[in-house]
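Colleague: Any chance you can model this:
(2 chains)
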Protein chains: 2
Amino acid sequence: MQTELSKQLGIEHAVFGFTPFPVVAAAISRAGGFGVLGAVRYTAPDDLARDLDWVREHVGGRPFGLDVVMPAAKAEGPDGRALSEADVEAVIPEGHRRFVEETLAGYGVPPLADGEASGWRVTGWLEQVARGQLDVAFDHPVKLLANALGPPPADVVARAHENGVLVAALAGSARHARKHADAGIDIVVAQGYEAGGHTGEIASMVLTPEVAEAVAPLPVLAAGGIGSGEQAAAAFALGAQGVWLGSVWLTTTEADLHSPALTRKLLAAESGDTVRSRALTGKPARQLRTEWTDAWDDPAGPGALPMPLQGLLVAEAVSRIQKYEVEPLLGTPVGQIVGRMNSERSVRVVFDDLTRGFERAVDRMNRVAGRDR
Amino acid sequence: MQTELSKQLGIEHAVFGFTPFPVVAAAISRAGGFGVLGAVRYTAPDDLARDLDWVREHVGGRPFGLDVVMPAAKAEGPDGRALSEADVEAVIPEGHRRFVEETLAGYGVPPLADGEASGWRVTGWLEQVARGQLDVAFDHPVKLLANALGPPPADVVARAHENGVLVAALAGSARHARKHADAGIDIVVAQGYEAGGHTGEIASMVLTPEVAEAVAPLPVLAAGGIGSGEQAAAAFALGAQGVWLGSVWLTTTEADLHSPALTRKLLAAESGDTVRSRALTGKPARQLRTEWTDAWDDPAGPGALPMPLQGLLVAEAVSRIQKYEVEPLLGTPVGQIVGRMNSERSVRVVFDDLTRGFERAVDRMNRVAGRDR
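Modeller: Residues are numbered from 1 along each chain as shown, chains lettered A, B, ... in the order given. Just a heads-up that it's a prediction; the model follows:
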C-alpha cells in the first residue's frame, strides 16, 4: 500500500495507526506502518517524555507521530487569563455531580482508594496541558503531529514546520477540511461518521472523496470504518493517500486495556453496538453503547455538559468503572468496525491481514474492470 | 463494471438504478445498467400497468425491475381482517392532525383545490396495495422484484421464482440480511446509513463487507453513498457484486420532480444537509433537512407516528408543500451524496461519468498496489 505520502515518509504501507499505547505505536511502525501515540491521557510531561523515549528506542529507526487534542481557540476567563483545570471544575453544576454519584451508586461502584489518582484524565483537552505535551514532542524525533480538534494554533503549526514535523488535522466535513488547509496544515484526516471517537455525521464513503477534492493537492487520510485490507482498498479507491486506523488496535495482543472485561466486550460487540454520544467529552464521540452512555443520552437525565466540562465531570467516574470493571457501564471509544474485531491478534498479524485483504480487493477490482491478470 | 450477477442478468454494468420515474428507469437500462421502478407512488394498478408497458417499450429489450414496499407481516385488525386505508386513518390522533394543519398554516400553505387528489400517496405501504402492484408486475417482463422492507411474504417469493423473477431485499444490518437470506431471497441490498430513504445506522464502509460475508454466496448490492465511479469502485472492493443508486437520478435531465424549486434545493445541498428522520413515513428515512423535518424531530412537538400512520397523516400536506413549492418545507428522500449532485446531467452522462471514475479508481488502486500498467 504505497502512495506519494508513504514514499515521502519512508514507510512501507500508507497505514497510520492511532493508539494510546506506546507498545502498540512502536509495533505499528516496526510492521511498516506509521504509529501515532495518543497524548491525551498524559497529564505529566515527564510521563510522555518517558514513553516517547521508549517508542524511539523500539521502532528500529522508523518514523512515528504524536496525536494531541488541542482546541484552535483558547479557553479563557473574563480577565483573558487561560483557564486552569480548577477554574473549569468550578463551573460544573452541582446537579450534574449528583447525577454522576447517583448513577454510580445505582450499580454499587466503590470509590477509588484514598489518594489514588484517577487514571483516566482528560485534562489533555486543555490547551495549556497540550502545550506542555508539545514541548516534549519537539524534543523527540516525532515526524507527525496530529490534532483531533482541527488545526492547532498558528504558532504551533509554525513551530512544527521549523522542526520538520508534518501537521495533520482531523475533519468531519469538506468545509472544515478547507479551513484546516487554509491554516497551513500538511495532511487532513477525514474522520467519517462510523469512526470511533469524535466524529461528525458524514460517512466515509461520502466524506473521503469530498475532502480529497476540497483540499487537493494536500494528502488525505481516510478514517472511520477501516479495519480490513478491503476497507483500506475502498479508501484508496475514494482518493485517500493513506488510511488512519484506531479501533482495530484495541484488541491486539500488544494493547493493554487493563481490563479483561472490556476486551471481552470489544470482542463480542457487533457493529450496531456503538453510539455517537456526548457522554465522554461533551462533543459527540462514537463509543461502545453502555448503560452509562444511555444515562447521559436519556432525555429524562441532565444531559452531558459541553467540552471540556463533561470530561472533567466524568473523569473519576470513568476510572472507577474501569478499575472495578462494572460491566454494564464499561465502555471505550471505538468505531463501527468493532463488529469485525472478533479475535486477539498481534499488530504484525493485523498488518499481514491488511495487506492480504488489500491484494484480494485489488484482484477483485481488476476482475470487475475486465483487467484480470 | 462486470460481476457474476451482471453477467447472469445480461447487463453491461453492475449498476442498479432505483427511481420513481419510468423515463429514468428505461434510460438506466438502455445505458447498460438495470433500471428499477419504484412502485410506492402508484395507488391504481392500471397506472402502474401503463407505466410498466411504457418502460418495456423503451428499454430496447434490456431487463428492468420493480421496487415495492411490502411489510413481511400483515397489518391486521383485532378480527384478523386486513386493515384498509380507512381503518388505519381512523386511529390517527386528532392532536397530530392539528399539528399538521398548524404547521402548514404557519407558512401560509394553501389547501388543494376541491376534488384535487393528493399526488403523493403512501398507501403503497399497505400490503393489500402492494399485492395489487405485484399482480401487475407478474403480467410484465419484470426480471427483479425488490422490497424495501425486508423479504416479501413467502408466497410472494415463491410466485416470483415461479415467474423467473429474482427477489432482492434491503437490509441495514448483517443480522437482518441473514434473516432475508433464510427467507429464500436471491439478492441482498445492503443499505448503509448514508443512503437516502429508509436506512439504519451502520455506514456502507462497515455494512457492505459484513453483509457480503453474512449471506455468501448470495450476491450483495451496496447502497448508500454511491454517486461516482470511485464510490462504485469502493463498493466492489468491499465485496459488492453490484451497486444500487437512487439519489443520483433525482437531478438527471430525464427526472421530472414537478418542482424547479426542489431541483434547485437538491443542486445546492451539501452532504451535511440531510437528516435521518421519521417525518415522512414513521420509520427513520434519510431526506433533505427542512423546517418540516425539524418540526417533526423537535422534542417539543408531538413527534412522528409509527408506520404506516405517519405516511397517511402527512400525505396531503406533502402534496400541498410540493404543489405550492413552499421552499422552507420542501424536501425529498435523498442520501448524503446530494452534496455532489451539483449539475443536471442526462442518465447517459451519469453512466459515462460512473465508468470513467471507476476506471480512474482502478488505475489508482493498481498504483497503490505497485501493479502499474
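
Colleague: give me the number of residues near residue A:91?
Modeller: Look at residue A:91: counted by other Cβ atoms under 10 Å in any protein chain shown, it has 11 neighbours. (Glycine included, C-beta is placed from N, CA and C.)

Colleague: you'd agree it is up against residue A:309?
Modeller: Yes - using Cβ atoms under 8 Å, residue A:91 is in contact with residue A:309, at 6.8 Å.

Colleague: who's in contact with residue A:191?
Modeller: A:170-172, A:197-200, A:207, A:223-224, A:244 (Cβ atoms under 8 Å, 6 or more residues apart in numbering or on different chains).

Colleague: Keep only those that also lie close to chain B.
Modeller: Counting by Cβ under 8 Å from any Cβ of the partner chain, A:200, A:207, A:224 from the contacts of residue A:191 sit close to chain B.

Colleague: any chance of these in a markdown table, plus secondary structure?
Modeller: Listed next are the ones next to chain B among the contacts of residue A:191 as a markdown table, based on DSSP: H, G, I helix; E, B strand; the rest coil:
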| residue | secondary structure |
| --- | --- |
| A:200 | coil |
| A:207 | helix |
| A:224 | coil |
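
Colleague: before we move on, the earlier item: show me the contacts of residue A:191 that map onto strands.
Modeller: A:170-171, A:197-198, A:223, A:244 (DSSP state E).

Colleague: out of these, who's nearest residue A:267?
Modeller: residue A:197 (19.5 Å; Cβ to Cβ).

Colleague: Quickly list what the closest one is bridged to.
Modeller: With beta bridges defined as DSSP bridges, residue A:197 has these partners: residue A:286.

Colleague: and residue A:66, how far is that from residue A:258?
Modeller: For residue A:66, the distance to residue A:258 equals 22 Å [Cβ to Cβ, to the nearest Å].

Colleague: Comparing these two, which shows the higher neighbour count?
Modeller: residue A:66 (27 against 11).

Colleague: In which helix or strand does the more buried one reside?
Modeller: strand A:64-68 (DSSP states H and E).

Colleague: Report the buried residues of that strand.
Modeller: For strand A:64-68, the neighbour count (16 or more other Cβ atoms under 10 Å in any protein chain shown) marks A:64-68 as buried.

Colleague: which residues touch it?
Modeller: With Cβ under 8 Å, 6+ apart as the contact definition, strand A:64-68 has outside contacts at A:16, A:18, A:25-26, A:29, A:34-40, A:52, A:55-56, A:124, A:130, A:133-134, A:137, A:142-148, A:152, A:168.

Colleague: tell me the mean pLDDT over it?
Modeller: Across strand A:64-68, pLDDT averages out at 95.

Colleague: Let me know the next secondary structure element after that strand.
Modeller: helix A:85-90.

Colleague: which parts of that next one are buried?
Modeller: Those would be A:85, A:88, for helix A:85-90 by 16+ other Cβ under 10 Å.

Colleague: What of stretch A:332-349?
Modeller: A:332-341, A:345, A:347-348.

Colleague: Nearest to chain B among those residues?
Modeller: residue A:336 (4.3 Å; Cβ to the nearest Cβ).

Colleague: which residues in the stretch 251-373 of chain A form helices?
Modeller: A:260-268, A:291-297, A:309-323, A:347-368 (DSSP state H, counting those that start in this stretch).

Colleague: Chain B is nearest to which of the ones you listed?
Modeller: Of all the helices of the stretch 251-373 of chain A, helix A:347-368 comes closest under Cβ to the nearest Cβ, at 4.2 Å.
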